[in-house]
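**Q** Using only what follows, build the 3D model:
(one chain, ligands or ions: 1)
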Amino acid sequence: MKTNPVYLALDFPRLETAEAIARKVKDHVGGLKLGMEFFYAHGHHGVHEIAKIGLPLFLDLKLHDIPNTVAGAMQAIHVLEPAIVTVHASGGQAMMEDAKAAAGENCKVVAVTLLTSLDERDMTATGVGGTAHDQVLRLADLAHKAGLDGIVCSGHEVGAVHRQWKDGFFVVPGLRLADGKAGDQKRTVTPRKARDDGASVLVVGRPISRAEDPVAAARAIEATL
Ligand SMILES: O=C(O)c1cc(=O)[nH]c(=O)n1[C@@H]1O[C@H](COP(=O)(O)O)[C@@H](O)[C@H]1O
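**A** Down below sits the predicted model:
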């Protein structure tokens, strides 16, 4: 059977809410993503509870600090046996190298390049020149040099990154069906387009988790793939 590339982002502060939604849609997604909102509230205990559902876990903690601190954080979450963990590529090559060295053997470490909530105006405002496309390719190259498994980028760039890094592992968030509300996301594509362009994992949050009927929403996305 084909594995479902969709990871559901459980961006909820309440453990009971996250768990209830995950249990409802578990047969229509391939994995579960826990981010800062959930982890800061529930820590290891929360992760253990969600792990009982039996799907692979993506710990999206977006680590970004000096190499020694990031390596220590990686060691602290190692026991949770996540399938995927994120760091920020802008933390630099040494930080990414140390993060990878501290991660478990079966854990993919991927670097966030340019958040999907940002566009070129935001880049300029933070002092980063050039295009979003070039910035993502530059940071992907750095992540590759650091020995990471892959990157996180928008569906606008994943095709180009895939051509340059053939065996990379690519996580694409910022996904919306054609009639979906973008909300705070600025660089969005459909799940199908991201998959066709080489995404390994499709991260979907609100289009499923905040839908009136999360199971129907997850099935509708699954049907497009
Ligand atoms: O690392 C991520 O997963 C991530 C990176 C990025 O550039 N953009 C992005 O939206 N995300 C995450 O992907 C999820 C997207 O959620 P929705 O916009 O609700 O589908 C959230 O959990 C974000 O934290």
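**Q** Now do the helices in this structure.
**A** In the chain, the helices defined using DSSP state H lie at 15-25, 36-51, 67-78, 93-102, 120-125, 132-145, 158-164, 191-196, 206-209, 214-224.
**Q** Indicate which one of those is closest to the ligand.
**A** The ligand lies closest to helix 206-209 among these, at 3.4 Å (Cβ to the nearest ligand atom). (C-beta placed from N, C-alpha, C; glycine too.)
**Q** From the chain's centroid, how far away is the closest one?
**A** Its chain's C-alpha centre and that of helix 206-209 lie 15 Å apart, by Cα atoms, centre = their mean, to the nearest Å.
**Q** do that helix and the ligand meet?
**A** Yes. Using Cβ under 6 Å from any ligand atom, helix 206-209 reaches the ligand at Arg206, Pro207.
**Q** list the contacts for the residue of the chain found nearest the ligand?
**A** Here the chain gets closest to the ligand at one residue, Gly205, 2.6 Å apart by Cβ to the nearest ligand atom. Going by Cβ atoms under 8 Å, 6 or more residues apart in numbering, Gly205 touches Leu8, Ala9, Leu10, Asp11, Lys33, Pro173.
**Q** Try it again at 6 Å.
**A** Residues in contact with Gly205 (Cβ atoms under 6 Å, 6 or more residues apart in numbering) are Ala9, Asp11.
**Q** For the residue nearest the centre of the chain, which residues count as its bridge partners?
**A** The residue lying closest to the centre of the chain (Cα atoms, centre = their mean) is Val171, at 5.3 Å. Val171 has these beta-bridge partners by DSSP bridges: Val152, Val201.
**Q** how much space between it and Pro56?
**A** Distance, Val171 to Pro56, by Cβ to Cβ, to the nearest Å: 13 Å.
**Q** ok, now Cys153?
**A** Applying Cβ to Cβ to Cys153 and Pro56 gives a distance of 20 Å.
**Q** How about Ile21?
**A** 17 Å.
**Q** give the contact list for the residue nearest to the centre of the chain.
**A** Val110, Val152, Val201 are the contacts of Val171 under Cβ under 6 Å, 6+ apart.
**Q** nearest residue to the first one other than its sequence neighbours?
**A** The spatial neighbour of Val110 that comes closest, neighbours along the chain excluded (Cβ to Cβ, 6 or more residues apart in numbering), is Gly150 at 4.7 Å.
**Q** isn't the one you found right up against Lys166?
**A** No. In terms of Cβ atoms under 6 Å, Gly150 does not count as a neighbour of Lys166; the distance is 11.3 Å.
**Q** The two: which is more packed in?
**A** In this view Gly150 and Lys166 are compared by other Cβ atoms under 10 Å, and Gly150 has more residues nearby, 23 against 7.
**Q** Tell me the bridge partners for Val112.
**A** Beta-bridge pairing of Val112 under DSSP bridges involves His88, Val152.
**Q** Neighbours of it, how many?
**A** Other residues near Val112 come to 23 when the count uses other Cβ under 10 Å.
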